[in-house]
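Novice: structure here, sequence nowhere to be found:
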DNA sequence: CCAATGCAAGAGCAGTGCTCTCGTTTTTGT
DNA sequence: ACAAAAACGAGAGCACTGCTCTTGCATTGG
């Protein structure tokens, strides 16, 4: 009974996985632009039209790969974070950022797929959101822990940003002060600016020894979100001084 | 004489320009992926093979558009900077960053072409470098002026970054302290992280009122490169305290 | 003035995403 | 258990792409 509706269904799952695997191989090898449905089908020994039984279009296949890429990146960041979970917030912050960079350097085409220019007129479907948020959630968690523990440093917000900052905080991390949430989101975006510039060649002939450069930049981002001190001994606004 | 070898040569220039114009139109309308040589030729009333007399391949056409895009962005930033040339370094810094953002929002596909994922296996040819550097040079200039005037704030570099920082400074701005150059390059990359996230939809449902958010983030970047004070009255390390 | 070159046009090749049809196989409802 | 329904693989075909090659005309330079 468990395999009653299984023969077909299980085959379907396997073929779907095989298609994604082969597609991912081609993506990693040649990039999203050269990913061809026909080539995938050819490599799998099936005819191209058969592939449409599994993915209704090339874009749908790409979307599946995008979700997988987000998850792969998120997993890499989460496991890197787990290894330093006992350390201070600065270490944890740096570990997550460094893991994101490492993953990007190891999977350039997949990184380009998710953080580079989105394909043609493509808007990310709703179902990508959970996977896409994993690194961000990790960073939020680090700052939240630091804040709960001994508080984080903050700088006042300009007048024009106050209401938006409150709205952002309510949506993202209601337990954190708006200033911190704003700095967090900005740092999050800036992190990917650093990674993208390295990956897409903008640092060629500008930054050569990139690892220490990145580490230093990321430490400054940690500072920006209020993770001020190298390690123990945080002064700065505590959870109660709001 | 000036038009002696002109009949042909002038026509060539005009046709080349017409091709680029039409290609740019299609790029702006549909994005780089949907830019088709045949469609360009069709729109210009010529046959597709004729177009290859002017651009040896699609990639060459794209490269030409890339250079134009860099120049367009650079020009926008430069003219925005010129309008506040008399103001303090913070105002000038913000004006350049805001102009880059505005240009990106107005030319999303062109921005994606130059700062998004590079096309297939594409590496930017050497001739793009001057055009690509214009915004960066502007930012360097702002910091240089501030430094010469009353100095900028600096934070010490970690040990592992010192030699690379010196190398970078020698290459980029020998008259600026290495710490400042490092912060400058990092801020430069981070600026495009902010712009890219807004443009490519990463801020959807996260940041709604983006203009003040961006402005605040950019002010913090100004702070990071040592442009500390809202306006006059800079303490911080002067040109001589190196 | 004539040869060399520049250029537009057309045909053609290999490749793409995608649709539709046609048997065959598997699943499902009675 | 059997027939109706759904899922599936294969193939042909359409419209499109980048790019090459050949042919014939126009422009240029010696």
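Specialist: Arrived safely, thanks for sending. For clarity, every value in this text was computed on a predicted model and none was experimentally measured.

Novice: so for chain A, the centremost residue is which one?
Specialist: By C-alpha atoms, centre = their mean, chain A has its centre lying nearest to residue A:135, at 4.6 Å.

Novice: now the closest residue to that residue other than its chain neighbours: how far from DNA strand C?
Specialist: Nearest residue to residue A:135 in three dimensions, chain neighbours excluded: residue A:77, at 4.8 Å (C-beta to C-beta, 6 or more residues apart in numbering or on different chains). No exception for glycine: its C-beta is placed from N, CA and C like everyone else's. Relative to DNA strand C, residue A:77 is positioned 31 Å away (C-beta to the nearest atom of the strand, to the nearest Å).

Novice: ok, residue A:77 - contacts?
Specialist: Listed by C-beta atoms under 8 Å, 6 or more residues apart in numbering or on different chains, the contact set of residue A:77 reads A:96, A:99, A:100, A:103, A:134, A:135, A:138.

Novice: mind redoing it with 7 Å?
Specialist: By C-beta atoms under 7 Å, 6 or more residues apart in numbering or on different chains, the contact set of residue A:77 is A:96, A:99, A:100, A:134, A:135, A:138.

Novice: how about the residues of chain A that lie near DNA strand D?
Specialist: Residues of chain A lying close to DNA strand D by C-beta under 7 Å from any atom of the strand are A:8, A:11, A:12, A:15, A:46, A:47, A:48, A:49, A:50, A:53, A:54.

Novice: ok, the fourth one touching residue A:55?
Specialist: No. Judged on C-beta atoms under 7 Å, residue A:15 makes no contact with residue A:55 at a distance of 10.6 Å.

Novice: between the two, tell me which one has more neighbours.
Specialist: More crowded of residue A:15 and residue A:55, by other C-beta atoms under 10 Å in any protein chain shown: residue A:55, with 19 against 16.

Novice: now that one: closest residue in space, sequence neighbours ignored.
Specialist: residue A:61 (4.3 Å).

Novice: element containing that neighbour, please.
Specialist: Using DSSP states H and E, residue A:61 falls within helix A:58-83.

Novice: count the neighbours of the residue nearest to residue A:55 for me.
Specialist: 21.

Novice: and it, what's its pLDDT?
Specialist: The model reports residue A:61 with a pLDDT of 97.

Novice: same check, this time on residue A:23
Specialist: The model reports residue A:23 with a pLDDT of 98.

Novice: next one: residue A:117
Specialist: 84.

Novice: one more: residue A:150?
Specialist: In this model, residue A:150 is scored at 82, pLDDT.

Novice: what's the neighbour count on it?
Specialist: Residue A:150: 16 neighbours (other C-beta under 10 Å).

Novice: measure it to residue B:89 for me?
Specialist: 35 Å (C-beta to C-beta, to the nearest Å).

Novice: say whether DNA strand C is contacted by stretch A:51-61.
Specialist: Yes. Stretch A:51-61 comes into contact with DNA strand C (C-beta under 7 Å from any atom of the strand), by way of A:52, A:56, A:57, A:58, A:59.

Novice: which of the residues you listed count as buried?
Specialist: Using 16 or more other C-beta atoms under 10 Å in any protein chain shown as the burial test, these include residue A:58 as buried.

Novice: in the residues of stretch A:51-61 next to DNA strand C, find the pair that's most separated.
Specialist: A:52 and A:59 (12.3 Å; C-beta to C-beta).

Novice: now stretch A:93-102: mean pLDDT?
Specialist: Computed over stretch A:93-102, the mean pLDDT rounds to 98.

Novice: ok now that stretch, how far from the chain's centre?
Specialist: Chain-centre distance of stretch A:93-102: 10 Å, with C-alpha atoms, centre = their mean, to the nearest Å.

Novice: who's in contact with the residue of chain A found nearest chain B?
Specialist: Of all residues in chain A, residue A:193 sits closest to chain B, at 2.1 Å by C-beta to the nearest C-beta. Contacts for residue A:193 (C-beta under 7 Å, 6+ apart) come out as B:189, B:190, B:191, B:192, B:193, B:194, B:196.

Novice: and which of those is nearest to residue B:130?
Specialist: For these, the nearest to residue B:130 is residue B:192 (18.4 Å; C-beta to C-beta).

Novice: the closest one: which element?
Specialist: helix B:178-199.

Novice: compute the inter-axis angle for that helix and helix A:178-199.
Specialist: 100 degrees (axes from the mean of the first three to the mean of the last three C-alpha atoms, to 10 degrees).

Novice: following helix B:178-199, which helix or strand comes up?
Specialist: Going down the chain from helix B:178-199, the next helix or strand is helix B:210-224, by DSSP H and E.

Novice: buried residues in the helix holding residue A:61?
Specialist: Buried positions in helix A:58-83, judged by neighbour count with 16+ other C-beta under 10 Å: A:58, A:61-74, A:76-78, A:80-81.

Novice: do stretch A:105-116 and chain B meet at all?
Specialist: Yes. For stretch A:105-116 and chain B, the contact criterion (C-beta under 7 Å from any C-beta of the partner chain) is met by A:112, A:116.

Novice: contacts for that stretch, please.
Specialist: A:27-28, A:31-32, A:65-66, A:69-70, A:104, A:192, A:196, A:199, B:116-117.

Novice: give me the buried subset of those residues.
Specialist: Buried members of the contacts of stretch A:105-116, counted by 16+ other C-beta under 10 Å: A:27, A:31-32, A:65-66, A:69-70, A:104, A:192, A:196, A:199, B:116-117.

Novice: residues touching the nearest residue in space to residue A:207 that is not next to it in sequence, list them.
Specialist: Nearest residue to residue A:207, sequence neighbours excluded (C-beta to C-beta, 6+ apart): residue A:213, at 5.1 Å. Residue A:213 sits next to A:207, B:161, B:164, B:182 when contact means C-beta under 7 Å, 6+ apart.

Novice: want to throw those residues into a markdown table with pLDDT and neighbour count?
Specialist: Shown next, in a markdown table, are the contacts of residue A:213 (pLDDT from 0 to 100; neighbours: other C-beta atoms under 10 Å in any protein chain shown):
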| residue | pLDDT | neighbour count |
| --- | --- | --- |
| A:207 | 97 | 25 |
| B:161 | 97 | 21 |
| B:164 | 98 | 20 |
| B:182 | 98 | 29 |
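
Novice: tell me which of those is nearest to DNA strand D?
Specialist: residue A:207 (31.9 Å; C-beta to the nearest atom of the strand).

Novice: list phi and psi for the closest one.
Specialist: Main-chain torsions, residue A:207, degrees, to the nearest 10: phi -110, psi 120.

Novice: with residue A:157 instead?
Specialist: Per-residue torsions, residue A:157: phi -90, psi 150 (degrees, to the nearest 10).

Novice: repeat that for residue A:88.
Specialist: Main-chain dihedrals, residue A:88, degrees, to the nearest 10: phi -70, psi 170.

Novice: now do it, the pLDDT please.
Specialist: Residue A:88 is given a pLDDT of 94.

Novice: same check on residue A:3?
Specialist: Looking at residue A:3, its pLDDT is 42.

Novice: what of residue A:125?
Specialist: The model reports residue A:125 with a pLDDT of 73.

Novice: wait, isn't residue A:51 in contact with residue A:41?
Specialist: Yes. Residue A:51 lies in contact with residue A:41 (C-beta under 7 Å); the separation is 4.7 Å.

Novice: who has more neighbours out of the two?
Specialist: The residue with more neighbours, out of residue A:51 and residue A:41, is residue A:51; 21 against 18, by other C-beta under 10 Å.
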